[in-house]
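Peer 1: Just need the structure, nothing else, for what follows:
(one chain, ligands or ions: 1)
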Amino acid sequence: MDKNIELANGKLTHRLVEKYTKDGFLFPIGIFSQAEVDAFREELEAIEHAYASIKLPKPLSAYKRGPANAVIPLAARIAKDKAVLDVVESILGGNILIWAAEFFIKEMKTENFVGMHQDLTYWGMGETSGQITAWIALSPSNVESGCMEFVRKSHKDKILPHDDKFSKKSLLSRGQEIKVDIPKSERIFAELNPGQMSLHHGLMIHGSGPNSSNDRRIGIAIRYINPDVVQQTLGKSYAMPARGVDNKGNFIHYPEPAKIFSEESLQMHQEICDSQHQVLMATAKQEGAVWSKPTS
Ligand SMILES: O=C(O)CCC(=O)C(=O)O
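Peer 2: Prediction:
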């Protein structure tokens with residue numbers, strides 16, 4: 001596992017911003033201590049334990065994906081953490097919104113995977129660079145546990161053709177995969193220790209393999225945008241303000257949940273999902289179960 005890249009007062013240096021711009025990804029960035037991450041994981045697993053027997057309108061797995069930050073205060077807290085935002089600000093500027101923060105969990109010894117894809121293919125935002133995903137490991141994310149894999153400089157491409165495979169083992173809504181063969185030798189494994197973070201551009205070709213380790217692979221992927229981004233499929237969709245001001249008004253703001261799965265937050269979550277579902281499935285050939293995969 002690589003040593004943390006060095007930040008300057010919590011921000012990316014000019015050289016690191018250039019590296020991100022050139023490669024389309026950056027890691028490993030040390031964000032949380034082991035103690036902080038242990039507390040996050042404990043909180044998440046306590047939620048999983050509690051809601052195994054408390055009935056929610058949808059299965060818990062549906063709330064852990066998509067805009068989990070709308071209903072689970074832990075997800076909103078991590079997404080609004082100062083240390084994370086300081087790094088993201090180096091790329092997006094001082095006005096930052098959260099489009100969604102979602103947990104990507106692969107249970108131990110499971111075959112679930114994420115096919116190689118470009119995020120922006122499905123987000124209805126065009127090919128904008130006004131977005132970034134910060135992916136933070138809450139457990140070891142390595143080759144054995146199915147860490148993310150990036151293809152250096154692939155974000156310089158346009159949106160490439162993708163296929164909807166609707167595979168049950170895929171963690172993605174449409175089981176989408178890029179229609180390009182990526183040789184193993186071109187894949188950069190983004191191994192992260194708990195508390196480390198990677199950044200990737202929405203045009204970056206990326207995916208991840210199965211988890212053959214003896215632990216769960218838990219990550220939180222936070223989709224940040226700046227106010228210049230425009231939702232082109234629907235006109236308007238939803239985002240949670242995180243830092244600075246929204247001087248464009250292209251998104252309907254939603255608040256941090258005051259309480260886990262409060263009635264208002266469940267209602268808001270449903271509205272956001274209905275809207276994001278239309279965007280994510282706009283070009284799909286068949287209906288897919290967005291964010292309600294049976295795993296974790
Ligand atoms: O967690 C993973 O393995 C994949 C996550 C991903 O595709 C993303 O964050 O865009």
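
Peer 1: And for Phe166, nearest residue in space, chain neighbours not counted?
Peer 2: Nearest residue to Phe166, sequence neighbours excluded (Cβ to Cβ, 6 or more residues apart in numbering): Gly175, at 4.4 Å. For every residue, glycine as well, the C-beta is placed using N, CA and C.

Peer 1: For Ala75, which three-state class applies?
Peer 2: helix (DSSP: H, G, I helix; E, B strand; the rest coil).

Peer 1: Show the pLDDT at it.
Peer 2: Note on Ala75: pLDDT of 98.

Peer 1: if I read this right, it contacts Phe103, doesn't it?
Peer 2: Yes. Contact criterion Cβ atoms under 8 Å: Ala75 and Phe103 qualify, at 7.0 Å.

Peer 1: Need the overlap of contacts for the two.
Peer 2: Common neighbours of Ala75 and Phe103, counting by Cβ atoms under 8 Å, 6 or more residues apart in numbering, are Ala68, Ile220.

Peer 1: Which of those two has more residues huddled nearby?
Peer 2: Ala75 (26 against 22; other Cβ atoms under 10 Å).

Peer 1: quick one: contacts for that one?
Peer 2: Residues counted as contacts of Ala75 (Cβ under 8 Å, 6+ apart) are Ala68, Asn69, Ala101, Glu102, Phe103, Ile220.

Peer 1: Mind doing that once more with 6 Å?
Peer 2: Ala68, Asn69, Ala101 (Cβ atoms under 6 Å, 6 or more residues apart in numbering).

Peer 1: Could you count how many residues lie near Phe27?
Peer 2: Phe27, neighbours per other Cβ under 10 Å, totals 22.

Peer 1: Repeat that for Ala70.
Peer 2: The burial count for Ala70: 28, using other Cβ under 10 Å.

Peer 1: Tell me the pLDDT of the closest residue to Gln196 other than its chain neighbours.
Peer 2: Excluding the flanking residues, the one nearest Gln196 by Cβ to Cβ, 6+ apart is Pro28, at 4.0 Å. Looking at Pro28, its pLDDT reads 98.

Peer 1: re the thing from before, so of the contacts of Ala75, which ones are in strands?
Peer 2: Within the contacts of Ala75, residues falling in strands by DSSP state E are Ala101.

Peer 1: quick one: which of the contacts of Ala75 has the most company?
Peer 2: Neighbour max across those (other Cβ under 10 Å) = Asn69, 30 neighbours.

Peer 1: what about the residue nearest to Phe166, distance to Thr233?
Peer 2: When Cβ to Cβ, to the nearest Å is the yardstick, Gly175 and Thr233 sit 20 Å from each other.
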